[in-house]
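> Below is the sequence, then the predicted model.
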Amino acid sequence: METQAITQEISEPAAENAKPLTKEVSGSVALLEALIVEGVDTVFGYPGGAIMPIYDALYDYNDKLNHVLVRHEQGGIHAGQGYARTSGKVGVVFATSGPGATNLITGLADAQIDSTPLVCITGQVFAHLLGTDAFQETDVINITTPVTKWNYQVTDANEIPEVIAKAFYIAKSGRPGPVLIDITKNAQIQKFKYEGYTPCNHIRSYRPKPIVRTEYIQQAAELINQAKKPFIIWGQGVILGSAEQEFKAFVEKSGIPAAWTILGAGAIPSDHEQNVGMLGMHGNYGPNVLTNECDVLIAIGMRFDDRVTGRLDKYAKQAKVIHLDIDPAEIDKNVKTTVPVWGDCKETLPMLTAAIEQKKHNDWLNKFNEYTQKEVEAVIYDELNPASGEMTMGEVIKQLNDITKGETVIVSDVGQHQMVACRYAKLNNTRSNVTSGGLGTMGFALPAAIGAKFGAQDRTVVAVIGDGGFQMTLQELGTIMQSGVNVKIIILNNHFLGMVRQWQELFNERRYSFVDIQSPDFVMVARGYGIEGKSISERADLAGSLKEMLDHNGSYLLEVIVTKENNVFPMVPQGCSVSEIRLK
Amino acid sequence: MSDQDNNKQEYNITVYTENQIGLLNRIAIIFTRRKINIDSLNTSPSEIESIHRFNIVITESEDVVRKLARQIEKQIEVLKVYFHTNEDVIWQELALYKLSTDVIAERVSVERLLRENGARVVVIRKDYTVFETTGHREETDNLIKILQPYGLIEFVRSARVAIIKDSEGFNSKLREFERLEPGEDVMENKYLNKGQKVFSM
């Protein structure tokens, strides 16, 4: 691998033609050079004392790195996550020491559990002050250890090129995840002999992906070929592995019905005839019930989260389980596997596709459709097409689908509206569903939508947020204002913390404990940030307002007042089996 | 007691790692997060330069231990994790005992007791004497009981170290790690900024 000459002239402009390699640069410059070689175009960050040398160097890199000034470090890291999710690239975040770094924790935990590739750079106090309770000193490495794939503290500038190379390699390879590099201020300032940047492609103690065992492929193929009622459940692994085409080929050749976890949504289009819907607590009726009827369960790039499995000892006990995963620690973690197919699904899926017979499972697929019909009658039709009364969340999503035809990126926050958005949003494309799946981070959507737009500039990004979640990170409206990013925001306002209220209604005898949340005038707040907006409560205004929002040149906030006490159904109550899913 | 508890026994977890600050914490929190007590933990450079070896003892079921081992092996700087029951390893703990030299000199029975328990003298000073013994927990515990009546001043015991009966050592494994999978073509890193098709692992 050739090393890269530094792209920015710093100390010796005259020497540029003579000797571009090997020169004295600061640790900060080495860091920015590394980002450029890694293909980073956007950084989300917030300056502060301990990261000032990096920001000083950044001043000269304005033309190469687009730095987005956020309003809070949590907003910065969620933006990094949104960016990573739509672009497939590594999200990069800058924060200062102490409070800057601790504000990243929620985002790190979110990225860790949802396998989002991030490289976070935090400033740290001078190395000689470590451990002295210096101003804005926090033990960031130890605080972040449980919520990072890897972290490292740099105290000497000489380490920077190699450490950053490792950081990017670790963040994006294997099962992706967040990496945090803490750089002491002296290392940012320190000049050292820079010999270029070499990306990392091997760490001897790190196996990004297990070696594919062909005998397991054979065993899996035999099980699939013999199966009468096979069922595919897929997760984000398909998207993270860029294996959407391979997955589609497998699904279509096998003829097997396939359902998705919330983070897997969109890997194949919503209207694919074998796409039978969403799994889990608020997933679709058929996929949940029939999990306990299938004879072979083929899990691809998913991790059997408790929200997907419900009660484990009553989960797919009748089925033989084939589990494809890149992370060996996921095999047998929650559900006992009959055949583990270790490896990157981009490699294993084509092998499996080649080894299986072309089939149709029409009767079995029809069974899913029968359940869909029941669900439509009991839940979906009324949710999406209410004839009278206040508006529902579902009809907003449906109207949005009708206008956008499934071409937008949908970023959702956490709660009832998230379940509704994920259940009903039409997705034609992969990397179109950005939501906080594992951690369930309220306040995720607004900053994540900002990042999602930077990661997919040619696409329309619509954030769907509840009235509660929006108030957790609404300061990022300032980021929208200043960066000029074009994000469409829909607030589904039911004047409640809806999901908790739903649980209190169903399981706590309607003892509504602190769920009636008041909101400011959202439209006026948006206007304060120079963002156009409108609030509607009449069904007649919905379609036109959505269109107005989408057609508006720039960001737009649309508040939709929806009915207060709607519940999200179907629902697998906690502690129940997936086949005990309730339609009401 | 549940079945889970009934299946519990001592497991010796052997971890080969890079020598990296913070790794001890990364490994320890895998246990503490699951509220699993570490009975014994030893970390020391291995026979291979730059490679460290952890010996961790916990009392758990095999299923739990296997999952823990996979979580540990997932850490970036961990090369390899093995786990074994006590039957599969030879293990020892080292214990030091400090007694008054006067007591030793005056009471011959102490010396006899030490000899019977395989203890050795590490140092003799005018005022105190330090003995050492190695063995299993029961043996070192036993000697405490025996010495208590003679005014045991101080006692300390090391963590367990364990040798795996059925192992070929780690040298060849390490060479495999260094050789295997040099990774994807590094050139792809340069194309990260070229849009949709770039995320490849």
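Thanks, I have it.

> Could you tell me which residues of the stretch 351-500 of chain A lie near chain B?
With C-beta under 8 Å from any C-beta of the partner chain as the criterion, the stretch 351-500 of chain A meets chain B at residues A:R431. Placement of C-beta: from N, CA and C, glycine included.

> what number of residues lie near the closest residue to chain B within the stretch 351-500 of chain A?
For the stretch 351-500 of chain A, the residue positioned closest to chain B under C-beta to the nearest C-beta is A:R431, at a distance of 7.7 Å. By other C-beta atoms under 10 Å in any protein chain shown, 23 other residues sit near A:R431.

> Which residue is the nearest non-sequential neighbour of it?
A:T86 (5.2 Å; C-beta to C-beta, 6 or more residues apart in numbering or on different chains).

> secondary structure class for that neighbour?
helix (DSSP: H, G, I helix; E, B strand; the rest coil).

> Spell out which residues sit in contact with the residue of the stretch 351-500 of chain A closest to chain B, please.
A:R85, A:T86, A:S87, A:G88, A:I239, A:G266, A:V409, A:A456, B:Q196 (C-beta atoms under 8 Å, 6 or more residues apart in numbering or on different chains).

> B:H52 against B:N42, yeah?
No: look at B:H52 against B:N42 with C-beta atoms under 8 Å: they stay out of range, at 10.5 Å.

> more neighbours, the two?
B:H52 (20 against 15).

> contacting residues for the more buried one?
B:Y16, B:T17, B:E18, B:N19, B:L23, B:T43, B:S44, B:P45, B:S46.

> what do you get for A:I326?
So A:I326 contacts A:174-175, A:208-210, A:237, A:241, A:301, A:342-345, B:201 (C-beta under 8 Å, 6+ apart).

> So which of the contacts of B:H52 is the closest to chain A?
B:E18 (5.2 Å).

> so how many other residues sit close to that closest one?
As a measure of burial, B:E18 has 17 neighbours, counting by other C-beta under 10 Å.

> quick one, domains of the chain?
By default, I'm working from chain A. A:13-194, A:214-367, A:385-574 (automatic domain parsing).

> To clarify, I was referring to chain B.
With domains defined by automatic domain parsing, chain B comprises B:3-89, B:90-157.

> ok, and which of those domains has the densest surroundings?
Of the domains of chain B, the one with the most neighbours on average (mean count of other C-beta atoms under 10 Å in any protein chain shown) is domain B:3-89, at a mean of 17.

> Report the rounded mean pLDDT for that domain.
If you average the pLDDT over domain B:3-89, you get 94.

> May I ask which helix or strand encompasses B:I76?
Here B:I76, judged by DSSP states H and E, is contained in no helix and no strand.

> need the contact list for it.
By C-beta under 8 Å, 6+ apart, the neighbours of B:I76 are A:K149, A:W150, A:I170, A:I203, A:S205, A:Y206.

> Distance from the chain centre to the lengthiest strand in chain B, please.
With secondary structure taken from DSSP state E, chain B has its longest strand at strand B:89-100. Strand B:89-100 has its C-alpha centroid displaced from the chain centroid by 15 Å (C-alpha atoms, centre = their mean, to the nearest Å).

> and what of stretch B:74-89?
The mean C-alpha position of stretch B:74-89 is separated from the chain mean by 10 Å, C-alpha atoms, centre = their mean.

> What of stretch A:96-109?
18 Å.

> cool, stretch A:525-535 as well?
27 Å.

> For it, which residues meet the burial criterion?
A:V525, A:A526, A:Y529, A:I531, A:E532, A:G533, A:K534, A:S535 (16 or more other C-beta atoms under 10 Å in any protein chain shown).

> now the last one, which residues is it bridged with?
Applying DSSP bridges to A:S535 yields these beta-bridge partners: A:E559.

> these two touch, right, it and A:E559?
Yes: at 4.0 Å, A:S535 counts as touching A:E559 under the criterion of C-beta under 8 Å.

> Which neighbours do those two have in common?
A:F522, A:V523.

> if we can go back for a sec, most neighbours, which of the contacts of A:I326?
A:G301 (32 neighbours).

> residue contacts, that one?
A:234-241, A:243, A:264, A:324-326, A:345.

> For it, which non-adjacent residue is spatially closest?
Going by C-beta to C-beta, 6+ apart, A:G301 has A:G237 as its nearest residue, at 1.7 Å.

> Closest to B:I153 out of the contacts of B:H52?
Looking at these and their distance to B:I153, the nearest is B:S44, at 27.4 Å (C-beta to C-beta).

> Excluding chain neighbours, give the residue nearest to the closest one in space.
Using C-beta to C-beta, 6+ apart, the nearest residue to B:S44 is B:R53, at 6.1 Å.
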